[in-house]
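the sequence and its predicted three-dimensional model are supplied below.
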Amino acid sequence: STNQRAFNFNAGPSALPLEVLQAAQEQLVNFNGTGMSIMELSHRSKDFEQVHNEAIERLRTIYAVPDNYDIIFLQGGASLQFSMIPMNFLQQDGQADYILTGVWSEKALEEAKLFGTPVVAASTKDNHYKHIPTLDELNLNDASAYVHITTNNTIYGTQWKEFPTTVAPLIADMSSDILSTPIDISKFGLIYAGAQKNLGPSGVTVVIIRKDLLEKANTNIPTMLKYTTFTKNNSLYNTPPTFGIYMLGEVLKWVEQQGGLEKVAEHNQAKAKLIYDAIDNSNGFYVGHAEKDSRSLMNITFRLADEELEKQFLAEAKAAGFVGLNGHRSVGGCRASTYNAVPYETCKALADFMVAFQAKQ
Ligand code: PLP
C-alpha cells in the first residue's frame, strides 16, 4: 500500500511528507477539474499561475520575508548558484569573502575564482570540518562584494546556530536546512536552496534576494544567468519547472499545517535528539563527527569504533529496512538525514536499532 513507507534517511533527494505525495497523487491526472495533469497545463494558464503565485506568497508568509526581497524560482540546482552569484555580483578585481565549512562551500569558492578574487575569510578544514567557526574567527572585509556561507553542511553534519552580522551582503546556501527553523531573513542579502531536501522534488531552486543587490548586478552576462531576468518576469521568463513548483506549494501548505516553522523546528530538535542521544549514551561505541555545539539537526554523522563493525552496522541496518545511512562517498562513515519530512517514529526506530545493535556486540 502507499502507506508502507521506508525508513528513509536519504541526504537528497530525500523524504517528502506522505500527505503531500497523497495530495499530488489524487490530483495527478485531473488537476483542479481541468481534465489535465498539473504537468500538462500551460505555464501561462490561470490555473498554473495561481499555483505559482500561491507558492511564492506562502513562502513569503512562512518566513515573513520583507517587501524589499524578491522570491524567485530557477533551475540548475544549488550548484548553478555557485556560479551565478559571482557572475552577477563580483567584478574581475573585486573581492568576496568565503567561509569554508565543507565540500559545498569549497565548490562555491572554486566557481567564484572564475569571476573575481574570492578570499577565504575563515575555514575549519584543518579540523576536518568538525565545527563552524565562531563569529570572532571570521576575517571579514567590509569592502567585499558579499560574504558567502553554507548554513548546513550536508556531508559533515554541521550547522550554523548564529549568523554573523556583516557589512557586505550575507549570501547563504541553505540547501539542506531551509524551512527547518525560523530565521531572520533581513540578515541576508541572498538565500538560495536546491529544493530536493526540505522544499520538494529536485528541479526547482529557490532564491530569496534583497532588491538593492539587483541594481548593482553585472549586466554583461547571459539572460538566463541574470537574477533580474527572473525578478522582472515573476520567474516566468521561460517555462519554469511547473511540477516542482506545484510540489513546493504543497510542501509549504504542509509546513503551515504543522504549525509553521517554530513547530517544525521543535519537531526537528526532538527527532535529532533521539539519534544524538543514542550516540552520546553509547560510551564511544558510536562517535559523532561534529563537535557538539556545531551539530546539525538535519544530517547526523557518526562512525563506529572500527570499520568492520561499521560495515556490519550498515548492512544490518539496510536489511532492517533503513535507507540512506551510508555517509557521503567522500567521507564514509554513517549519516542519518532527518529533514522535515522524516517522521519522529522513523528516527525513534533508528535510535532503537542503534541501541540494540550495540547491545548484541
Ligand atoms: N549545497 C548543499 C549544502 C548541498 O547539500 C547540495 C546537495 O546536496 C548542494 C549544494 C548541491 O545542490 P544541487 O544538487 O541542487 O546542485
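Yep, it's here. Values in this document were obtained by computation on a predicted structure and should not be read as measured data.

okay, CA-based contacts and neighbour counts for the rest of this
Will do.

what sits against residue 347?
271-272, 274-275, 338 (Cα atoms under 8 Å, 6 or more residues apart in numbering).

in stretch 237-255, what's buried?
240-255 (16 or more other Cα atoms under 10 Å).

what's it in contact with?
17, 19-20, 23-24, 38-39, 43, 48, 51-52, 54-55, 58-59, 73-75, 195, 199-204, 229-230, 261, 264.

rewinding a little: want to throw the contacts of residue 347 into JSON lines with neighbour count and distance to residue 119?
Converted to JSON lines, those look like this (neighbours: other Cα atoms under 10 Å; distance: Cα to Cα, whole Å):
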{"residue": "271", "neighbour count": "24", "distance to residue 119": "37"}
{"residue": "272", "neighbour count": "24", "distance to residue 119": "34"}
{"residue": "274", "neighbour count": "17", "distance to residue 119": "39"}
{"residue": "275", "neighbour count": "22", "distance to residue 119": "37"}
{"residue": "338", "neighbour count": "29", "distance to residue 119": "33"}
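
so which of these is the closest to residue 175?
Nearest to residue 175 among the contacts of residue 347: residue 338, at 13.8 Å, using Cα to Cα.

picking up where we left off before, so which of the buried residues of stretch 237-255 sit within helices?
Using DSSP state H, the members of those that fall in helices are 242-255.

JSON lines for those residues, including distance to residue 214?
Formatted as JSON lines, those follow (distance: Cα to Cα, whole Å):
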{"residue": "242", "distance to residue 214": "25"}
{"residue": "243", "distance to residue 214": "28"}
{"residue": "244", "distance to residue 214": "25"}
{"residue": "245", "distance to residue 214": "23"}
{"residue": "246", "distance to residue 214": "27"}
{"residue": "247", "distance to residue 214": "28"}
{"residue": "248", "distance to residue 214": "25"}
{"residue": "249", "distance to residue 214": "26"}
{"residue": "250", "distance to residue 214": "29"}
{"residue": "251", "distance to residue 214": "28"}
{"residue": "252", "distance to residue 214": "26"}
{"residue": "253", "distance to residue 214": "29"}
{"residue": "254", "distance to residue 214": "31"}
{"residue": "255", "distance to residue 214": "30"}
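
return the member of these nearest to the ligand.
residue 244 (13.0 Å; Cα to the nearest ligand atom).

can you give me the helices in the stretch 51-200 of the chain?
77-89, 103-112 (DSSP state H, counting those that start in this stretch).

now residue 322: closest residue in space, sequence neighbours ignored.
residue 7 (4.9 Å; Cα to Cα, 6 or more residues apart in numbering).

pretty sure the one you found is touching residue 323, no?
Yes. With contacts counted by Cα atoms under 8 Å, residue 7 reaches residue 323, the gap being 6.0 Å.

which of those two has more residues huddled nearby?
residue 7 (21 against 16; other Cα atoms under 10 Å).

which residues does the more buried one contact?
So residue 7 contacts 321-323, 346 (Cα under 8 Å, 6+ apart).

how many other residues sit next to residue 133?
So residue 133, with other Cα under 10 Å, has 17 neighbours.

any idea how far residue 75 is from residue 105?
Here the criterion is Cα to Cα, to the nearest Å. By it, residue 75 lies 19 Å from residue 105.

which one's more surrounded, these two?
Applying other Cα under 10 Å to residue 75 and residue 105 shows that residue 105 carries more neighbours, namely 21 against 18.

ok so, going back, out of the helices of the stretch 51-200 of the chain, nearest to the ligand?
helix 77-89 (3.3 Å).

the closest one packs against which elements?
With contacts taken as 3 or more Cα pairs under 8 Å, 6 or more residues apart in numbering; DSSP states H and E, helix 77-89 sits against helix 103-112, strand 190-194.

tell me the helix or strand right after the longest helix belonging to the chain.
Counting by DSSP H, the longest helix found in the chain is helix 261-280. Counting by DSSP states H and E, the next helix or strand C-terminal to helix 261-280 is strand 286-288.

pull the distance from the helix or strand just after that following strand to the chain's centre.
The C-terminal neighbour of strand 286-288 among helices and strands, as given by DSSP H and E, is strand 299-304. Its chain's C-alpha centre and that of strand 299-304 lie 18 Å apart, by Cα atoms, centre = their mean, to the nearest Å.

strand 299-304 and the following helix or strand past strand 299-304, what's the angle between them?
Following strand 299-304 in sequence order, the next helix or strand is helix 307-319 (DSSP H and E). Using axes from the mean of the first three to the mean of the last three Cα atoms, to 10 degrees, the inter-axis angle of helix 307-319 relative to strand 299-304 is 130 degrees.

ok now helix 307-319, how far from the chain's centre?
27 Å.

buried ones in that helix, by neighbour count?
Buried-residue list, helix 307-319, by 16+ other Cα under 10 Å: 310, 313-314, 317.

what does stretch 333-346 give?
For stretch 333-346, by 16+ other Cα under 10 Å, it's 333-344, 346.

can you pull the pLDDT of residue 229?
As predicted, residue 229 sits at a pLDDT of 98.

want to throw the buried residues of helix 307-319 into a markdown table with pLDDT and distance to the ligand?
Output for those, formatted as a markdown table (pLDDT from 0 to 100; distance: Cα to the nearest ligand atom, whole Å):
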| residue | pLDDT | distance to the ligand |
| --- | --- | --- |
| 310 | 96 | 23 |
| 313 | 98 | 24 |
| 314 | 98 | 21 |
| 317 | 98 | 23 |
